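A.B. asks: Generate coordinates for the sequence data below:
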Amino acid sequence: MTSSANTPQDFSRLARPPRVVPLALRAHLLTGPVMLFGSAFFAFGSIFAIVFVPATDPFGTAALSRKSAAASGWLTKVEKTRFSEGGDEDSDGTPIYRYEYAFRLSDGTEHRGTSYAVGQGLTMRTSPEVGPDNTPVQVEYSPGNPRLSRIKGMRTAPLSSALLFVVLFPLMGLLMAIGSAWRALRIIRLFRNGELAQATVTGARGNEGPEMPLEELKRSRQASLEMVSRHLNSAPAKGFMTLWGCVVMAIMGFGVAVCLPGLWMVLFGNRPMYFNGQPIGGALAVVCILGFLALWLAMGTFMLSAGRRMKSLKQAVGASLPEATCRFEFPVGARTIRATGLVRLTQRLGEQPTEPVLYDPLVPERAFLLHGLSLPVTLSPGGEWEFVAHGATARLLFVALCFVGPVAGFLIWRAL
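C.D. replies: This next block holds a predicted model:
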């Protein structure tokens, strides 16, 4: 059975709860626009978090800054890491070096540690054996935990703890995804266990402006969308959208042109790829290249879909309008429940004096207007939900990739 989201539906035949919620409907609700954007933002931000966060040590730095004791030590090893600071297109920047050292406490106990600094400020003395006769260093250590230490003036990790700000980007995406999932799960629960009632819409308000009758808001938003549609159908707008598609395709093609030769050289040319001046070869290099290519193409596809949505905006006029906040009330026994919820201003919303509403019998204020969802939901002959939509599975896989991919990337990065 097929249906348009704007075709009036008779929900009086709705089966009693609990009802079966089709998997396609669950997937569609869980992968809304906010979830897609949030998961993509999480994946993109995680790239920087995976690279930088494991190379910082904010807790060790804070502990030594708060309280430390001094001891004399000596270098045991100096080597360059894969990290560097500064640099530009013409310069790789200043390498960050790892300094391994040993030191003795007053009771004669020997401890070893590792510190990091920008540039090679210290060098090993030529000595037949590594011991106290090597380059002397001053060590700061935690009195309660001597294993936590550093050479005075150096770091306990390759990178500064100030780089932890990159965690904000995946965190913002994660919070967006969690909020979207929470709202979707509430709607799914209402589809399964909600009770049906008839509600009267008492007012509606858009993102801006005062509250007004629902029909007046719909007319206002319809006029605004039609004006936008006329602009999008002008010659300059059509030219821009064509240019947009060409540029995005060129960017995607550039990514493929860069990654495929690199993949060929790694697989068949026995040549490593380089990251921050360090060689990476074998299966690890293949995974890195394919992961980057997949993320590049996913972002390009997202940008192309945004262009298609701009082109199809004229067809959306009359089909659905933007979101609005509706106040409505409905009877539950002898009580009148007043609720507020986000709706899509579809054509069928407001066509009748009352609107079908699903509410939580435990908390009736948790409710939504069925005609306020732009979903092609219908009822089977037995009164169960039926839902037919395309693309929900692909969106669900995209969201899963955005969250699973960074975890796999973190494990790969730790192996480098």
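A.B. asks: okay, now Thr94: neighbour count?
C.D. replies: By the measure other CB atoms under 10 Å, the count of residues near Thr94 is 14. Bear in mind the C-beta positions are built from the backbone N, C-alpha and C, glycine included.
A.B. asks: Who is it paired with across the strands?
C.D. replies: Beta bridges link Thr94 to Glu85, judged by DSSP bridges.
A.B. asks: pretty sure it is touching Thr81, no?
C.D. replies: No. Here Thr94 does not reach Thr81: they are 11.5 Å apart, not a contact under CB atoms under 8 Å.
A.B. asks: For Glu355, which residues are in contact?
C.D. replies: By CB atoms under 8 Å, 6 or more residues apart in numbering, the contact set of Glu355 is Gln198, Ala199, Thr200, Val201, Phe328, Leu349, Leu369, Leu370, His371, Gly372.
A.B. asks: Nearest to Ile289 among these?
C.D. replies: Minimum distance to Ile289 across these is 45.7 Å, recorded for Gly372 (CB to CB).
A.B. asks: Find the residue closest to that closest one in space, skipping its chain neighbours.
C.D. replies: Val343 (2.8 Å; CB to CB, 6 or more residues apart in numbering).
A.B. asks: Low-confidence stretches in the chain?
C.D. replies: Applying pLDDT under 70 to the chain picks out residues 1-9, 87-92, 124-133, 225, 228-229, 231-233, 272-284, 287, 306-321, 412-416.
A.B. asks: list the contacts for Gly341?
C.D. replies: By CB under 8 Å, 6+ apart, the neighbours of Gly341 are Thr325, Cys326, Phe328, Ala367, Phe368, Leu369, Gly372.
A.B. asks: Can you tell me how far it is from Met212?
C.D. replies: Note on Gly341: its distance to Met212, by CB to CB, to the nearest Å, is 17 Å.
A.B. asks: cool, and Thr31?
C.D. replies: For Thr31, the distance to Met212 equals 32 Å [CB to CB].
A.B. asks: next one: Ala102
C.D. replies: 76 Å.
A.B. asks: Can you tell me the closest non-neighbouring residue to Glu100?
C.D. replies: Lys77 (4.0 Å).
A.B. asks: Buried residues in stretch 61-69, which are they?
C.D. replies: Residues Thr61, Ala63, Leu64, Ser68 are the ones in stretch 61-69 that count as buried (16 or more other CB atoms under 10 Å).
A.B. asks: would you turn those residues into CSV with secondary structure?
C.D. replies: Below are the buried residues of stretch 61-69 laid out as CSV (DSSP: H, G, I helix; E, B strand; the rest coil):
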residue, secondary structure
Thr61, helix
Ala63, helix
Leu64, helix
Ser68, coil
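A.B. asks: of these, closest to Phe410?
C.D. replies: Nearest to Phe410 among the buried residues of stretch 61-69, with distances taken as CB to CB, is Thr61, at 21.7 Å.
A.B. asks: Wait, the closest one touches Arg155, no?
C.D. replies: Yes. Using CB under 8 Å, Thr61 is in contact with Arg155, at 7.1 Å.
A.B. asks: From the chain's centroid, how far away is the lengthiest helix in the chain?
C.D. replies: Counting by DSSP state H, the longest helix found in the chain is helix 235-268. For helix 235-268, the gap between its own C-alpha mean and the chain's C-alpha mean amounts to 23 Å (CA atoms, centre = their mean, to the nearest Å).
A.B. asks: by contact count, what packs against that helix?
C.D. replies: For helix 235-268, the helices and strands in contact under the criterion 3 or more CB pairs under 8 Å, 6 or more residues apart in numbering; DSSP states H and E are helix 214-232, strand 273-275, helix 282-311.
A.B. asks: Any buried residues in it, and which?
C.D. replies: Neighbour-count burial for helix 235-268, with 16+ other CB under 10 Å as criterion, is recorded at Ala237, Trp244, Val248, Met252, Gly255, Cys259, Gly262, Leu263, Val266.
A.B. asks: Run a quick check on the fifth one versus Met299, I expect a contact.
C.D. replies: No. Assessed by CB under 8 Å, Gly255 is found out of contact with Met299, at 9.1 Å.
A.B. asks: Mutual contacts of those two, please.
C.D. replies: By CB under 8 Å, 6+ apart, Gly255 and Met299 have no common neighbours.
A.B. asks: Show me what stretch 98-118 is in contact with.
C.D. replies: 71-81, 85, 94-97, 122, 137, 139, 141, 146-147, 149-151, 153-158.
A.B. asks: Could you work out the end-to-end span of it for me?
C.D. replies: Chord length of stretch 98-118, first to last residue, is 9 Å (CA to CA, to the nearest Å).
A.B. asks: ok so, going back, have a look at Thr31 and Met212 and say which one is more surrounded.
C.D. replies: Thr31 (24 against 16).
A.B. asks: Could you report the distance from that one to Lys218?
C.D. replies: Taken as CB to CB, the span from Thr31 to Lys218 is 27 Å.
A.B. asks: In PDB, list the C-alpha atoms belonging to stretch 362-374.
C.D. replies: C-alpha atoms of stretch 362-374 as PDB (Å, rounded to 0.1, in the frame of the first residue of the first chain):
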ATOM      1  CA  LEU A 362       1.700   7.200  31.500                       C
ATOM      2  CA  VAL A 363       2.700  10.800  30.600                       C
ATOM      3  CA  PRO A 364      -0.100  12.200  28.400                       C
ATOM      4  CA  GLU A 365       1.900  15.400  27.800                       C
ATOM      5  CA  ARG A 366       4.300  13.300  25.700                       C
ATOM      6  CA  ALA A 367       2.400  13.400  22.400                       C
ATOM      7  CA  PHE A 368       2.700  14.200  18.700                       C
ATOM      8  CA  LEU A 369       0.300  15.000  15.900                       C
ATOM      9  CA  LEU A 370       0.200  12.200  13.400                       C
ATOM     10  CA  HIS A 371      -0.400  14.600  10.500                       C
ATOM     11  CA  GLY A 372       2.600  16.700  11.700                       C
ATOM     12  CA  LEU A 373       5.000  14.000  10.500                       C
ATOM     13  CA  SER A 374       5.900  14.100   6.800                       C
END
